[in-house]
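S.K.: based on what follows, work out the 3D shape:
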Amino acid sequence: MGRPRGSRHRARSGPPPQRHAAGAPGGDANPSGRAAEGRRRHRPRLRHRRHPAGPQGEVAGAPHRGRLGGAPGPGGTVVRGVDGACRAPGRHARDFAAVSGVVLFPLAWAAVGAGAGVLVRWGSVRLARLERPEPGEKPLEPGQKSWQVYGPPVLAALVFFVFALHLGASATLFVRSFFILVLVQVIFFDFEYRLILDRVMFPSMAVALVVSLFRDPWWAGAATGLGAGLLFLVLALAGQAIFKAEALGFGDVKLAVFMGLLLGPLPTVQAIFYGVFLAGVASIGVIAWHRSLKGSIAYGPYLAAGALIVLYMLA
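M.R.: Residues are numbered from 1 along each chain as shown. The predicted structure is shown next:
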């Protein structure tokens, strides 16, 4: 006897049988086939995107298949994740470029100062030989001590570097570098020979006078130079009258005129104060070293050092 039609209909309309995730509970007749089917099911599908500009020739018609991405762009075969647009330099690169630009010029200018310092020492002795020597004096010969040989180029290089760091490549730097060399020459030459050369001071005073005319007021530099020169002239004459010896030389008087023309009213007073202070410290050192009140020092190097300090403050 066959089954009733109603029972067949009810069997088909029931819910579909549930399959276990690991296969039939009673056993798996084909385990290798089911494992392969599971791997195919969980394998990621790669999508091939079309470039918005449309087909790009033969390369775009055959997109790359694999994990590197879809079709290449208009620039050719582009590998995603590897090729990319060029980025602007980062903050560290910009900082390095800025620091290099700030430091390289002062270093180069310091090298110029070192070379100029060598020329200053070489030319000073030759200029001194052109001046008329005093009766009984021997011709000047350059010393061979370390501070005499290396002092001018080292100090000139150091001061050139500091001024270039603050002023940069400007006309002010070039003009002040000339005055720096004059002061460096006075410091070492007067310290070594106790002599301030007229062939150095007079041209330097002329240049300082021309530069002072561009300041406001234009007459301040000339008036300050004249006043400083008269003050030091009175002190020099008074020293000779009181101590019966040369307390201040006439080279110091010329140096005071040059400082007044170069610096102006108030900076000249500051430079003289610094110079007198440094000279006082040096005098105490000389007295302590020789253990005697006898002896003398040259004021010119300390006045020039005070002028250098004030010139840096004005920078």
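
S.K.: and residue 239, how far from residue 250?
M.R.: 12 Å (Cβ to Cβ, to the nearest Å). Yep, even glycine has a C-beta here, placed from its N, CA and C like the rest.

S.K.: with residue 276 instead?
M.R.: Per Cβ to Cβ, residue 276 is found 18 Å from residue 250.

S.K.: same thing with residue 188?
M.R.: For residue 188, the distance to residue 250 equals 20 Å [Cβ to Cβ].

S.K.: what's the domain layout of the chain?
M.R.: If you go by automatic domain parsing, the domain ranges for the chain are 100-130+141-195, 215-315.

S.K.: got TSV for those domains, with mean pLDDT, mean neighbour count and distance to residue 207 too?
M.R.: Shown next, in TSV, are the domains of the chain (pLDDT from 0 to 100; neighbours: other Cβ atoms under 10 Å; distance: least, Cβ to Cβ, whole Å):
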stretch	mean pLDDT	mean neighbour count	distance to residue 207
domain 100-130+141-195	92	17	7
domain 215-315	91	17	9
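
S.K.: can I get those in CSV with distance to residue 208?
M.R.: Compiled in CSV, these are given as follows (distance: least, Cβ to Cβ, whole Å):
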stretch, distance to residue 208
domain 100-130+141-195, 7
domain 215-315, 4
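
S.K.: out of those domains, which is closest to residue 201?
M.R.: Of all the domains of the chain, domain 215-315 sits nearest to residue 201, with 4.4 Å by Cβ to Cβ.

S.K.: quick check: pLDDT value at residue 196.
M.R.: You'll see residue 196 listed with a pLDDT of 93.

S.K.: where's it, which helix or strand?
M.R.: Assigned by DSSP states H and E, residue 196 falls within no helix or strand.

S.K.: if I pick the closest residue to it other than its chain neighbours, what's in contact with it?
M.R.: Nearest non-adjacent residue to residue 196, counting by Cβ to Cβ, 6 or more residues apart in numbering: residue 251, 3.0 Å away. When contacts are counted by Cβ atoms under 8 Å, 6 or more residues apart in numbering, residue 251 touches 190, 195, 196, 197, 201, 300.

S.K.: now those residues as JSON lines including distance to residue 176?
M.R.: Shown next, in JSON lines, are these (distance: Cβ to Cβ, whole Å):
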{"residue": "190", "distance to residue 176": "21"}
{"residue": "195", "distance to residue 176": "25"}
{"residue": "196", "distance to residue 176": "20"}
{"residue": "197", "distance to residue 176": "21"}
{"residue": "201", "distance to residue 176": "18"}
{"residue": "300", "distance to residue 176": "20"}
